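1. Here is my input; please provide its structure:
(one chain, ligands or ions: 1)
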Amino acid sequence: MKKLKNISIVQRSHIESKNIFFLLHNKFFNNLSKQFGYKFYFLFFISILIKLPGIILHFIRTSLNIQKPKNTFFQKKVLRELNEFGFSIIKNSYFSSNFLDKLNKSFYEKYSIKNISKLSEPIIYVPLSKTNLKKVLSIIEKNYMSMISKYLFMLPYLKTVTYMYSKNESNFKNSSQHWHLDRVGLRTLKLFLALHDQEEINGPLTFIDSKRSEYLVNHYRYSKTNQFKRISDKLIDKEFDNLKFKPSRFIEKKGSLAFLDTDRCLHYGSRKSLNPRLFLYIEFGSYLDFKIPFLF
Ligand SMILES: [Fe+2]
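-> Next up, the predicted model:
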């Protein structure tokens, strides 16, 4: 498959552009995640108008670069699940057991458990070595990129490829350990590759499918205002008790891959647990995101 030149690697810290116009734009439209109803649609429409030339260009570039993949049937299935439920779990991803071990080993070579315990952050993001990063990107490109592009309106851009290590030592108020949406755009796609078996004792990634999430968001008029950034377990349980519904948990074997749209699916993770958790974490956004991406 031809390399998608339009997808560049953007480190987490570089997502915000340094250009003053972009900074002002991003600051203003950051508010979109706090809006609800007609005000949201109005502001969103304005943000699209501003970005329109970039959106059209990127759409054309992506459409021209995309080629029919070998695993069309598989990618179609994942895409169908994502469109329908906002998530898809793959038990046998295209990451070989050898490569998973290599990824695991190189993380602990860089960061020993002793060093990690000295860091104050509850979740630690560590970049990959150049060789590993190249290999990860080529696996994604070959096996998933066509579907990722289609899911993200043919406007995808790569935000982050990093290790994500959750210590799971404490619970924090108002953190991502409580139910929330990321609200960075209309759709976003996060890939969580299990670098070890994911069990209950690893503070598993927990989420609710997009349809039920939409119901809850509308029911509680959830928006990311400071007062209501997170939804309590109590409110979620109250709604789901009658329906005998239980949220999904990413409890799977090493090598499993979770695709999760954290803009459409309510989620949380990394709650205080017995053991830590290590993912390879890959994040894609779309050019319809509320903030202008670095690439413009
Ligand atoms: Fe989140």
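
2. Doesn't Lys190 belong to a helix?
-> No. Remark: Lys190 does not belong to a helix; assigned using DSSP: H, G, I helix; E, B strand; the rest coil, it is strand.

3. residues near it, how many?
-> One way to gauge burial is a neighbour count; for Lys190, by other CB atoms under 10 Å, it gives 24. Bear in mind the C-beta positions are built from the backbone N, C-alpha and C, glycine included.

4. so it touches Tyr281, yeah?
-> Yes. Under the criterion of CB atoms under 8 Å, Lys190 makes contact with Tyr281 at 7.0 Å.

5. in stretch 126-133, what's buried?
-> Neighbour-count burial for stretch 126-133 flags 128, 132 (criterion: 16 or more other CB atoms under 10 Å).

6. How about stretch 70-86?
-> 75, 78-79, 81-82, 85-86.

7. Let me see the backbone angles for Ser248.
-> Here is the backbone geometry of Ser248 (degrees, to the nearest 10): phi -80, psi 150.

8. Excluding sequence neighbours, find me the nearest residue to it.
-> Once flanking residues are discounted, Ser248 sits nearest to Phe207: 5.5 Å by CB to CB, 6 or more residues apart in numbering.

9. Report the contact partners of that neighbour.
-> With contacts defined as CB atoms under 8 Å, 6 or more residues apart in numbering, Phe207 is in contact with 87, 247-248, 250, 260, 265-268.

10. Among those, which one lies nearest to the ion?
-> Set against the ion, the nearest of these by CB to the ion is His267 (5.8 Å).

11. count of neighbours near that closest one?
-> Neighbours of His267 under the rule other CB under 10 Å: 25.

12. Now do the buried residues in stretch 230-245.
-> Neighbour counts over stretch 230-245 (16+ other CB under 10 Å) mark 230-231, 236 as buried.

13. start to end distance for that stretch?
-> One end of stretch 230-245 sits 20 Å from the other (CA to CA, to the nearest Å).

14. That stretch near the ion at all?
-> No. Stretch 230-245 stays out of contact with the ion when judged by CB under 5 Å from the ion, the minimum separation being 10.1 Å.

15. Can you show me the CA trace of stretch 157-165 as CSV?
-> Listed in CSV are the C-alpha atoms of stretch 157-165, where the atom choice follows Å, rounded to 0.1, in the frame of the first residue of the first chain:
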residue,chain,number,x,y,z
TYR,A,157,-4.6,12.8,11.0
LEU,A,158,-2.3,11.0,13.4
LYS,A,159,-2.0,12.6,16.8
THR,A,160,0.0,10.3,18.9
VAL,A,161,1.8,6.9,19.0
THR,A,162,3.2,6.3,22.5
TYR,A,163,3.4,3.8,25.4
MET,A,164,0.7,4.5,28.0
TYR,A,165,1.6,3.2,31.4
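
16. pLDDT on that stretch, on average?
-> Stretch 157-165 carries an average pLDDT of 89.

17. What of stretch 122-142?
-> Mean predicted confidence for stretch 122-142 is 90.
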